[in-house]
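Enquirer: model this:
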Amino acid sequence: MPQLFGHGLGAKPSWDELRERLDVELADRWPATRWEIADETVTWTDGPAESSVVEAVLDIPGWQPIVEGRPPPDTKASSTLVLSRLFGDRALAVGVVRYRSSSTRPFDSAREGAVDRLRDILDVDDPGTSGYPLTDAMAELLLVLPWPGEPPEVPSPADRWALKLEALDFNALWNRAYAEVEL
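Expert: Alright, predicted model coming up:
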């Protein structure tokens, strides 16, 4: 994927110059994504993967892209551009189903490494669709079925979806999705 700010830019752009360029370039590259660009931060929901956006903005002279919630890279850049990706309910439902499918335990943000692992799972373009019919069917059921009982208070939306997945019984949901989906 070509970078938005490739060679030839020369000197470090000011924040105002960079903001204007980001506004145009990001919208051109990913027109379906709504970008919020303010205070040296680029925020979007779902859409392109964090890694795709980092790759696109990697070579801005004097600016270092840093993904919010991830450790910052070693850098000598004088300014940081914070990339803050948010997730909608569909993406989180797909993410916790994929997380649980690949683990013996459900997602729990309090467990060491769980948040980073979920972020890695969601580091795809269009995280609301996994490309796996059974996973997508399970996520859809997770979204539409009512909670069995009262939803608990949780620290994050991802925790809420993970707890609902367990409350609905992961295996029962898998069986239902398997019976309903055409593979």
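Enquirer: Tell me how many other residues crowd residue 92.
Expert: The number of residues packed around residue 92, counting by other CB atoms under 10 Å, is 27. All C-beta atoms are positioned from the backbone trio N, CA, C, and that covers glycine.
Enquirer: In a helix, it, correct?
Expert: Yes: using DSSP: H, G, I helix; E, B strand; the rest coil, the assignment for residue 92 is a helix.
Enquirer: per-residue confidence at it?
Expert: Residue 92 is assigned a predicted lDDT (pLDDT) of 98.
Enquirer: From residue 106, how far out is it?
Expert: Here residue 92 is placed at a distance of 13 Å from residue 106 (CB to CB, to the nearest Å).
Enquirer: what does residue 166 give?
Expert: When CB to CB is the yardstick, residue 166 and residue 106 sit 5 Å from each other.
Enquirer: cool, and residue 54?
Expert: Distance check for residue 54 against residue 106: by CB to CB, it reads 29 Å.
Enquirer: and after the strand or helix carrying residue 51, which helix or strand comes next?
Expert: Secondary-structure element containing residue 51, defined by DSSP states H and E: helix 50-57. Where DSSP H and E defines the elements, the next helix or strand beyond helix 50-57 is strand 63-67.
Enquirer: For that next one, output the C-alpha coordinates as CSV.
Expert: Listed next in CSV are the C-alpha coordinates belonging to strand 63-67 (Å, rounded to 0.1, in the frame of the first residue of the first chain):
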residue,chain,number,x,y,z
TRP,A,63,5.8,13.2,12.9
GLN,A,64,5.6,9.7,14.5
PRO,A,65,2.3,7.8,14.4
ILE,A,66,1.4,6.2,17.7
VAL,A,67,-1.5,4.0,18.1
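Enquirer: tell me the angle of it relative to helix 50-57?
Expert: Using axes from the mean of the first three to the mean of the last three CA atoms, to 10 degrees, one finds that strand 63-67 and helix 50-57 are set 170 degrees apart in direction.
Enquirer: Identify all contacting residues around strand 63-67.
Expert: Strand 63-67 is touched from outside by 12-13, 18, 50, 53-54, 57-58, 72-73, 75, 77, 79-83, 85, with contacts defined as CB atoms under 8 Å, 6 or more residues apart in numbering.
Enquirer: Past it, which element shows up next along the chain?
Expert: Once the chain leaves strand 63-67, the next helix or strand it forms, by DSSP H and E, is strand 79-86.
Enquirer: mind checking the longest helix of the protein?
Expert: As assigned by DSSP state H, the longest helix anywhere in the chain is helix 15-29.
Enquirer: So for the chain, the centremost residue is which one?
Expert: residue 122 (4.8 Å; CA atoms, centre = their mean).
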